[in-house]
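Trainee: Below are the sequence and a predicted model; questions follow.
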Amino acid sequence: MVVGVCRLTLSIPENADLKGKRSVVKRVIARTRQQFNIAMAEVEDQDSQESAVLGFCVVGNDHRFVNSVIDKVIAFVDELYLAEIDDHAIEILHLL
């Protein structure tokens with residue numbers, strides 16, 4: 001079993017309050033889950049107005065497949081144009 005985990009740091013610079021940020025985060029999560037059927041959640045910076053940290057994971061039986069899905073998710077979030085991706089970190093684990 002191969003598990004890929006990704007941490008996305010998003011910038012939401014034009015946001016005025018937490019309500020607006022949560023709206024953007026919810027839209028990003030809902031659209032991404034719908035498109036890729038993955039687990040995704042906001043994992044840090046819940047009280048920050050201008051940034052959000054999202055985590056998601058992909059499970060599969062092939063390293064290349066998991067890495068490919070992670071790359072596609074990152075590109076999809078970037079192409080939503082709801083928030084800018086500041087940084088991302090990927091870790092792929094091989095479990096027995």
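Mentor: Received it, and whenever you're ready, just let me know what you need. Numbering: from 1, shown residues only.
Trainee: Surely residue 12 and residue 83 touch.
Mentor: Yes. Checked against CB atoms under 8 Å, the pair residue 12 and residue 83 is within contact range at 4.8 Å. In this view, the C-beta of every residue, glycine as well, is placed from N, C-alpha and C.
Trainee: more neighbours, these two?
Mentor: Of the pair residue 12 and residue 83, residue 83 is the one with more neighbours under other CB atoms under 10 Å, namely 25 against 19.
Trainee: and the next element down the chain from the host helix or strand of residue 20?
Mentor: Residue 20 is located in helix 18-36, with elements delineated by DSSP states H and E. Remark: after helix 18-36, the chain's next helix or strand is strand 39-44, criterion DSSP H and E.
Trainee: State the mean pLDDT of that next one.
Mentor: What strand 39-44 shows for mean pLDDT is 93.
Trainee: Name the residues that touch that strand?
Mentor: Contacts of strand 39-44 with the rest of the structure, by CB atoms under 8 Å, 6 or more residues apart in numbering, involve 7, 25, 29, 32-33, 52-57.
Trainee: who does the helix or strand just after it pair up with?
Mentor: For strand 39-44, the following helix or strand on the C-terminal side (DSSP H and E) is strand 51-60. Under the criterion DSSP bridges, strand 51-60 sits next to strand 2-11 (antiparallel), strand 39-44 (antiparallel) in its sheet.
Trainee: And the longest one, what's buried?
Mentor: Buried residues in strand 2-11, counted by 16 or more other CB atoms under 10 Å: 2, 4-6, 8-10.
Trainee: got the CA positions of it in CSV?
Mentor: Included here for strand 2-11 are C-alpha records, laid out as CSV according to Å, rounded to 0.1, in the frame of the first residue of the first chain:
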residue,chain,number,x,y,z
VAL,A,2,1.3,3.4,-0.9
VAL,A,3,0.0,6.5,0.9
GLY,A,4,0.7,10.0,-0.4
VAL,A,5,0.3,13.0,1.9
CYS,A,6,0.4,16.6,0.8
ARG,A,7,0.4,19.9,2.7
LEU,A,8,-0.7,22.9,0.7
THR,A,9,-0.2,26.5,2.0
LEU,A,10,-2.6,28.9,0.4
SER,A,11,-2.6,32.7,0.3
